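Novice: What follows is a protein structure lacking sequence information:
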């Protein structure tokens with residue numbers, strides 16, 4: 001029987017990312033009161049690139065996905081978290097909503113069990129600390145290695161990052177590095193990439209492109225798979241061990257980025273454009289994209305999200321642009337339009353770019 005949980009909320013909820021400490025304290029008291037209503041209280045320390053984030057929740061689903069997704073951090077009285085997330089359900093009189101206070105590094109989710117947003121904000125909380133204290137660049141993207149060279153794909157949710165990363169892995173000299181988020185450090189002219197999570201949280205409809213995945217997904221923890229059909233709902237998800245995909249030899253934890261691919265989806269732009277650093281940063285800073293299922297907002301409408309990254313809880317434009325300038329000093333950049341070509345045609349273009357990197 002499929003290990004699948006159907007959430008009432010199936011996408012991102014409205015949020016406030018700049019609440020005051022006073023509002024934060026009120027929300028924490030509300031969350032603690034709800035957690036005290038029952039024996040069902042869970043907490044777990046996640047280690048996200050050295051940043052410890054503790055989850056408190058009354059949702060067995062969120063707890064199970066959280067513990068499965070991240071590398072564990074020690075759970076002792078001598079190890080304190082850098083940031084804390086509360087995620088509580090069953091709060092009467094409250095609409096589903098997410099809140100963040102930067103000063104205390106505290107997030108509070110009310111009445112939503114959709115794991116995707118909790119995961120996203122955990123990465124955003126880690127980024128809030130890492131980018132200013134440790135000079136680590138956080139990117140919403142996926143990464144593969146081809147012939148020893150890292151290929152980083154940066155794009156909005158649902159535009160094919162995972163599909164094309166997996167496509168590169170199919171090459172004899174291809175390996176997979178990350179599916180959704182990459183930590184970068186710039187050292188001696190190189191862009192060094194590290195993974196962010198222990199297991200991938202990915203869309204199950206990838207079985208359309210990779211049918212071999214179906215047997216793997218049947219053994220995974222799943223979210224919002226309707227009627228046992230992995231393609232029925234566009235935002236159904238699973239937690240997958242990357243070593244299952246093609247064996248441990250096809251998964252790597254570090255990479256040196258030599259090519260960056262941006263993806264967009266429209267009916268007018270050229271299929272491929274090579275970008276200089278200035279133009280690439282301009283496109284990233286604007287972050288125009290079309291909303292797809294699970295990405296928040298009305299499906300099909302156009303929105304903007306700087307750097308294609310809805311996970312960043314604190315916007316530091318000058319710092320981000322500086323990071324990307326360093327990236328494009330060591331890696332080429334192309335933008336591809338997935339709205340006018342097939343997945344197979346786009347994959348051919350990416351492979352050609354990787355070969356020349």
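Specialist: Yes, it's here. Keep in mind the model is a prediction, meaning the values are calculated, not measured. Residues are numbered from 1 along each chain as shown.
Novice: Okay, now the unreliable bits of this protein?
Specialist: 158, 291-300 (pLDDT under 70).
Novice: so what are the domain limits for it?
Specialist: With domains defined by automatic domain parsing, the chain comprises 4-133, 137-199+241-356.
Novice: residue at max distance from the center of the chain?
Specialist: residue 37 (32.3 Å; C-alpha atoms, centre = their mean).
Novice: How much space separates that residue from residue 27?
Specialist: Separation of residue 37 from residue 27 (C-beta to C-beta, to the nearest Å): 16 Å. Bear in mind the C-beta positions are built from the backbone N, C-alpha and C, glycine included.
Novice: Distance from the chain centre to the longest helix along the chain, please.
Specialist: Scanning the chain for the helix with the most residues, using DSSP state H, yields helix 115-133. The chain centroid and the centroid of helix 115-133 are separated by 9 Å under C-alpha atoms, centre = their mean, to the nearest Å.
Novice: which parts of that helix are buried?
Specialist: 115-131 (16 or more other C-beta atoms under 10 Å).
Novice: C-terminal to it, what's the next element?
Specialist: Moving toward the C-terminus from helix 115-133, the next helix or strand (DSSP states H and E) is strand 137-146.
Novice: Run the angle between the following helix or strand past that next one and strand 137-146 for me.
Specialist: Scanning forward in sequence from strand 137-146 by DSSP H and E, the next helix or strand is strand 149-154. Angle, strand 149-154 to strand 137-146, by axes from the mean of the first three to the mean of the last three C-alpha atoms, to 10 degrees: 130 degrees.
Novice: name the helices or strands packed onto strand 149-154?
Specialist: strand 137-146, helix 161-169, strand 190-194, strand 254-264, helix 343-356 (3 or more C-beta pairs under 8 Å, 6 or more residues apart in numbering; DSSP states H and E).
Novice: who's in contact with it?
Specialist: 139-145, 160-161, 164-165, 168, 177, 182, 191, 193, 255-263, 284, 307-308, 331, 350, 353-354, 357 (C-beta atoms under 8 Å, 6 or more residues apart in numbering).
Novice: buried residues in it?
Specialist: 149-154.
Novice: From the structure, what's the count of residues near residue 314?
Specialist: Residues lying near residue 314 (other C-beta atoms under 10 Å) number 16.
Novice: what's it in contact with, if anything?
Specialist: Here residue 314 is in contact with 17, 102, 128 (C-beta under 8 Å, 6+ apart).
Novice: quick one on the thing from earlier: which of the domains of the chain sits closest to residue 234?
Specialist: Closest approach to residue 234 among those (C-beta to C-beta): domain 137-199+241-356, 3.6 Å.
Novice: So for that closest one, first residue to last residue, what's the gap.
Specialist: This stretch, domain 137-199+241-356, spans 25 Å end to end (C-alpha to C-alpha, to the nearest Å).
Novice: And stretch 183-200, how far out from the chain middle?
Specialist: The answer for stretch 183-200 is 14 Å, by C-alpha atoms, centre = their mean.
Novice: ok, which stretches of the stretch 201-350 of the chain are helices?
Specialist: 213-217, 242-246, 277-286, 317-330, 343-356 (DSSP state H, counting those that start in this stretch).
Novice: Name the residues that touch the fourth one?
Specialist: Okay, so that is helix 317-330. Under C-beta under 8 Å, 6+ apart, the answer for helix 317-330 is 131-132, 137, 184, 186, 189-191, 257-258, 260, 276-277, 280-281, 284-285, 306-307, 312.
Novice: can you count the residues close to residue 228?
Specialist: There are 11 residues near residue 228, going by other C-beta under 10 Å.
Novice: quick one: contacts for it?
Specialist: Residue 228 touches 2, 4, counting by C-beta under 8 Å, 6+ apart.
Novice: redo that, cut-off 6 Å
Specialist: residue 2 (C-beta atoms under 6 Å, 6 or more residues apart in numbering).
Novice: How about the one 4 residues further on?
Specialist: Residues counted as contacts of residue 232 (C-beta under 6 Å, 6+ apart) are residue 226.
Novice: again with residue 144
Specialist: 151, 165, 168-169, 176.
Novice: By neighbour count, which of those residues wins?
Specialist: residue 151 (27 neighbours).
Novice: so how far is stretch 136-147 off the chain centroid?
Specialist: On C-alpha atoms, centre = their mean, the centre of stretch 136-147 falls 11 Å from that of its chain.
Novice: again with stretch 86-98
Specialist: That offset, for stretch 86-98, works out to 23 Å (C-alpha atoms, centre = their mean).
Novice: Pull out the buried positions in that stretch.
Specialist: 86-89, 91, 96-98.
Novice: quick check, nearest of those residues to residue 290?
Specialist: Nearest to residue 290 among the buried residues of stretch 86-98, with distances taken as C-beta to C-beta, is residue 98, at 22.8 Å.
Novice: wait, isn't the closest one in contact with residue 109?
Specialist: Yes - contact criterion C-beta atoms under 6 Å: residue 98 and residue 109 qualify, at 5.0 Å.
Novice: nearest residue to the residue positioned nearest the centre of the chain other than its sequence neighbours?
Specialist: The C-alpha lying nearest the average C-alpha coordinate of the chain belongs to residue 180 (C-alpha atoms, centre = their mean; 4.0 Å). Residue nearest to residue 180 in three dimensions, not counting chain neighbours: residue 142, with 6.3 Å by C-beta to C-beta, 6 or more residues apart in numbering.
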